[in-house]
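Enquirer: structure of the sequence below:
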Amino acid sequence: MSSFKIDTSTAVVFVAVEPKLKVINKQTEEVAVDRETGAKMMTVGLTIADEGEANLYNVSIPETGVPAGLTLGMPVKVVGLKARDWENTFNGEKRFGIAFRAVALVAPSAPAKG
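Expert: I've put the predicted structure just below:
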């Protein structure tokens, strides 16, 4: 399956669903792990608005790339966002879709006190 880089440099991105561990097996509660770093994977719902259109994307991000303190509605920058098509068969039913993954999120700095 192929993957494609997504340019969010002109987009406004907000946290729509707070980060949670990406569970790959609900029965065993097994959590997905990044194959390169071994970090646990998180899923974050992001609203990405650009060119007059806004959509919600569930994005997988290594736990090390998710800053602490993310809250609903918080603007963030997305680092290394990619889309990858997927296909599998589950209980004899063929399923397919697009998975979104990023390297990290960057939250805005706290305002300077003064």
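
Enquirer: for the chain, which spans come out with low pLDDT?
Expert: Residue ranges of the chain with pLDDT under 70: 1, 110-114.

Enquirer: which residue is nearest the centroid of it?
Expert: To find the centre residue of the chain, average its C-alpha atoms and take the closest one (Cα atoms, centre = their mean): that gives residue 59, at 1.9 Å.

Enquirer: partners of that one in the sheet?
Expert: Applying DSSP bridges to residue 59 gives these bridge partners: residue 44, residue 100.

Enquirer: in contact with it, which residues are there?
Expert: Residue 59 makes contact with 43-46, 78, 81, 100-102 under the criterion Cβ atoms under 8 Å, 6 or more residues apart in numbering. C-beta here means a position set from N, CA and C on the backbone, and glycine is covered the same way.

Enquirer: please apply the same query to residue 43.
Expert: Listed by Cβ under 8 Å, 6+ apart, the contact set of residue 43 reads 17, 19-22, 58-61.

Enquirer: what about the strands in this protein?
Expert: 3-5, 12-21, 23-25, 30-31, 41-50, 53-62, 77-79, 82-90, 93-101, 104-106 (DSSP state E).
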